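Novice: output the structure for:
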Amino acid sequence: MEGCKAGKRKMQEALYQQTASKMLAVCMRYAKDRMEAEDVLQLGYIKIFQKVAEYRGDGSFEGWMRRVMVNTAIESYRKNLRTLNVVPIEDAYEQPSAGFDFSRLGMQDLLKVIQKLSDGYRMVFNMYAIEGYSHKEIAATLGISEGASKSQLSRARAILKEEIIKMEGIDYASYAG
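Specialist: Numbering: from 1, shown residues only. A predicted model of the protein is given here:
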């Protein structure tokens, strides 16, 4: 890490080689496709190398890098935001998710399903379900209301559930889940 702080290219390249696949996996969850994820990854590494001296040693370095990647993905989303797919809270509906085990899927299958979500749904789902943000934090970060965050999470979960059931070849109408 000291070599990266000193701006040594060989050390930066070594860090990139060691961590790129893990960081790409983080970016893939937020991006709509691999090309967008790779763009976010590159921007994230630029920020990491520019700000590596700011890392204070609180928590793991990999955790700090992950946070930089997530923030870069969120910034990229905001920058490219045209219309947020907001569902009014009155139209949101909860589908029972109790008893539905998302962990049955492999990571690649789950990633494919998450990438099918609209940008707004994908961002809210990732921030809430994976990164642990509260609806209040999501609302402040994305510039939406808490109700919109809750609504989008609800719809994202419903869509994910539907897509997973389709993938597994289960008749959705007969699922009692």
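Novice: quick check: domain ranges of this protein?
Specialist: The chain breaks down into these domains under automatic domain parsing: 2-80, 89-174.
Novice: a markdown table for those, including mean pLDDT and mean neighbour count?
Specialist: For glycine as for every other residue, the C-beta is placed from the backbone atoms N, C-alpha and C. Output for the domains of the chain, formatted as a markdown table (pLDDT from 0 to 100; neighbours: other CB atoms under 10 Å):
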| stretch | mean pLDDT | mean neighbour count |
| --- | --- | --- |
| domain 2-80 | 89 | 16 |
| domain 89-174 | 77 | 16 |
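Novice: ok, L41 - contacts?
Specialist: Residues in contact with L41 (CB atoms under 8 Å, 6 or more residues apart in numbering) are A20, M23, L24, C27, M69.
Novice: so which of those comes closest to E62?
Specialist: M23 (8.8 Å; CB to CB).
Novice: these two touch, right, the closest one and M69?
Specialist: Yes. Assessed by CB atoms under 8 Å, M23 is found in contact with M69 at 5.2 Å.
Novice: what do these two both touch?
Specialist: Counting by CB under 8 Å, 6+ apart, the residues touching both M23 and M69 are L41, G44.
Novice: just to revisit the earlier point, among the contacts of L41, which are located in strands?
Specialist: Using DSSP state E, the subset of the contacts of L41 located in strands is empty.
Novice: of these, which is the nearest to K10?
Specialist: A20 (15.5 Å).
Novice: ramachandran coordinates for the closest residue to G3 other than its chain neighbours?
Specialist: Nearest residue to G3 in three dimensions, chain neighbours excluded: M11, at 2.8 Å (CB to CB, 6 or more residues apart in numbering). The phi/psi pair for M11 (degrees, to the nearest 10) reads phi -70, psi -40.
Novice: shouldn't M11 be in contact with C4?
Specialist: Yes. Contact criterion CB under 8 Å: M11 and C4 qualify, at 5.0 Å.
Novice: returning to what we had before: now do the residue nearest to G3 against M167, distance only.
Specialist: 42 Å (CB to CB, to the nearest Å).
Novice: what's the answer for S60, then?
Specialist: Separation of S60 from M167 (CB to CB): 34 Å.
Novice: check Y121 too.
Specialist: Counting by CB to CB - Y121 and M167 are separated by 18 Å.
Novice: go on, Q18?
Specialist: When distance is defined by CB to CB, Q18 is 33 Å away from M167.
Novice: mind listing what the residue lying closest to K150 once chain neighbours are set aside touches?
Specialist: Distances taken as CB to CB, 6+ apart place H135 nearest to K150, at 5.5 Å, with adjacent residues excluded. H135 makes contact with Y128, E146, S149, K150, L153 under the criterion CB under 8 Å, 6+ apart.
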